[in-house]
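Colleague: what follows is a predicted structure for the sequence shown.
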Amino acid sequence: MARYVRDVMTPAVTAVRPDASLVEAAQLMREQDIGDVLVAQDGRLLGMLTDRDITLRAVADGVDPLTVSAQSVCTPEPVTVRPDDSVTTAVALMRTHAIRRLPVVQDGAPMGVVSIGDLAQEQDPDSALADISRASPDSWPG
């Protein structure tokens, strides 16, 4: 079993500039088949933007997603972990803060993301959540 976040995290960093529109962020999420992007500038994490943030903090209020910036809708200063933190620490942070994803940061620079699905696959590979996390996504429209 993995003991450190670096062993289970998704090491790719998918990020947008703070001034990127919500449409740009959503298109990137679609292209990468992910539910979140980091908001970063000059190699520093500023926030995390999820598909849920876009839906609840912008679209539900009727704002134009072409004119609203990622930084204005993202969660600023998100809870983070370091690559050398234990998996147990990541699980505890997710439970304490009721979150599903943690940016992995080293010296302020984003290194990746660890999700509840990553942890489920590591800690309980036979669980329903692990199965869902491993499944290929539906292609839409298809």
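Modeller: Received the coordinates, thanks.
Colleague: going forward, measure contacts between C-alpha atoms and count neighbours the same way
Modeller: Fine.
Colleague: so where does Val104 fall, helix or strand?
Modeller: Per DSSP states H and E: Val104 is located in strand 101-106.
Colleague: report the next helix or strand after that strand in sequence order.
Modeller: The element immediately downstream of strand 101-106 (helix or strand, assigned by DSSP H and E) is strand 109-115.
Colleague: what's in contact with that next one?
Modeller: Here strand 109-115 makes contact (Cα atoms under 8 Å, 6 or more residues apart in numbering) with 5, 8-13, 43-45, 83, 100-105.
Colleague: now for Asp107, how many residues are close by?
Modeller: 9 (other Cα atoms under 10 Å).
Colleague: quick one: it from Ala120, how far?
Modeller: Asp107 sits 27 Å away from Ala120, going by Cα to Cα, to the nearest Å.
Colleague: quick one: residues contacting the residue minimising distance to the centre of the chain.
Modeller: The residue lying closest to the centre of the chain (Cα atoms, centre = their mean) is Asp36, at 4.2 Å. Residues near Asp36 by Cα under 8 Å, 6+ apart: Met29, Met48, Leu49, Thr50, Asp51.
Colleague: and Ala70, by the same measure?
Modeller: Ala70 makes contacts with Val16, Arg17, Pro18, Asp19, Ala20, Ser21, Leu22, Ala25, Val39, Leu49, as judged by Cα under 8 Å, 6+ apart.
Colleague: the last one reaches Glu77, doesn't it?
Modeller: Right, the one you point to is Leu49. No - contact between Leu49 and Glu77 fails when scored by Cα atoms under 8 Å: they sit 11.0 Å apart.
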